[in-house]
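A.B. asks: Have a look at this prediction, sequence included:
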Amino acid sequence: MSNAGGDFINFSGGKDMSHTHEHHHDHTEPPEAIELRVKALESLLTEKGLVDSMAMDALVDTYQHKVGPRNGAQVIAKAWFDPVYKHRLLEGGTAAIAELGFSGVQGEDMVVVENSQAVHNVTVCTLCSCYPWPTLGLPPAWYKSAPYRSRIVIDPRSVLAEFGLTIPDDKEVRVWDSSAELRYLVLPERPAGTDGWSEEQLIELVTRDSMIGTGLPKKPDDVV
């Protein structure tokens, strides 16, 4: 598979292949400081009765776990179901994803990387928290955390094991570093036992973490 512009950090048997991937972000203020300011503003608005904290939490949960990942699940399910669409998705992720209506800010330039029996892909943004919002919604807190951003590129197998995902030694792990110009989406392997399933059924198997690379899709028995 060809991935134009797809620089990656390759870990296979512990061997580190160097990579250069420039980020052109405005880092004049640390993400942690921004988050503190947002939290302070939220607290102030809540105190003044202008924002309902429970409603805010529900809204964040919706975008983080339901609306966004549901969009990505539609993309993945269609790729599993339709080989022609899958080819378009791997060759031109941005355009293929836009066919389903998912595009815009934080999703202008997308590259889709495919898992296989030989390769497992995982994504990160080492400098901040670039994330494909149109397909995955809001990034989880751990994705933005310094430990994940630093450790996943140094020892991806150990980090993935902490997520409950053990990668066999004979499988290559590729770590893809997102930037302001480029974001990645993992196309997980289609679960066995889903022959004859419709797109709608396949959507239910796709998880947010499987599209980041820190998890796998659900098994058929999990949704039946």
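C.D. replies: Yep, that arrived.

A.B. asks: Output the lowest mean pLDDT helix or strand found in this protein.
C.D. replies: Lowest mean confidence among the helices and strands of the chain (mean pLDDT, DSSP states H and E): strand 15-17, at a mean of 35.

A.B. asks: Tell me where this structure has helices.
C.D. replies: 31-47, 53-61, 68-81, 83-91, 93-98, 133-136, 141-144, 146-154, 156-162, 199-203, 208-212, 220-223 (DSSP state H).

A.B. asks: do you know which of those helices lies nearest His120?
C.D. replies: Among the helices of the chain, helix 156-162 comes nearest to His120, with 7.9 Å by CB to CB. All C-beta atoms are positioned from the backbone trio N, CA, C, and that covers glycine.

A.B. asks: List the buried residues of the closest one.
C.D. replies: Buried positions in helix 156-162, judged by neighbour count with 16 or more other CB atoms under 10 Å: 156-157, 159-160.

A.B. asks: how about it as PDB, C-alpha atoms only?
C.D. replies: Taking Å, rounded to 0.1, in the frame of the first residue of the first chain, the C-alpha atoms of helix 156-162 are listed here in PDB:
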ATOM      1  CA  PRO A 156       4.900   1.000  21.700                       C
ATOM      2  CA  ARG A 157       4.500  -2.700  22.600                       C
ATOM      3  CA  SER A 158       4.600  -2.000  26.400                       C
ATOM      4  CA  VAL A 159       2.200   0.900  26.000                       C
ATOM      5  CA  LEU A 160      -0.200  -1.100  23.900                       C
ATOM      6  CA  ALA A 161       0.000  -3.900  26.500                       C
ATOM      7  CA  GLU A 162      -1.200  -1.400  29.100                       C
END
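
A.B. asks: can you list contacts of it?
C.D. replies: Outside helix 156-162, the residues within contact range by CB atoms under 8 Å, 6 or more residues apart in numbering are 11, 120, 122, 148, 151-152, 166-167, 173, 175, 213-214.

A.B. asks: Farthest-apart pair in the residues you listed, please.
C.D. replies: Maximum distance among the contacts of helix 156-162 (CB to CB): 17.7 Å, for Tyr148 and Thr166.

A.B. asks: quick one, which of the two is more surrounded?
C.D. replies: Between Tyr148 and Thr166, counted using other CB atoms under 10 Å, the more crowded position is Tyr148 (21 against 9).
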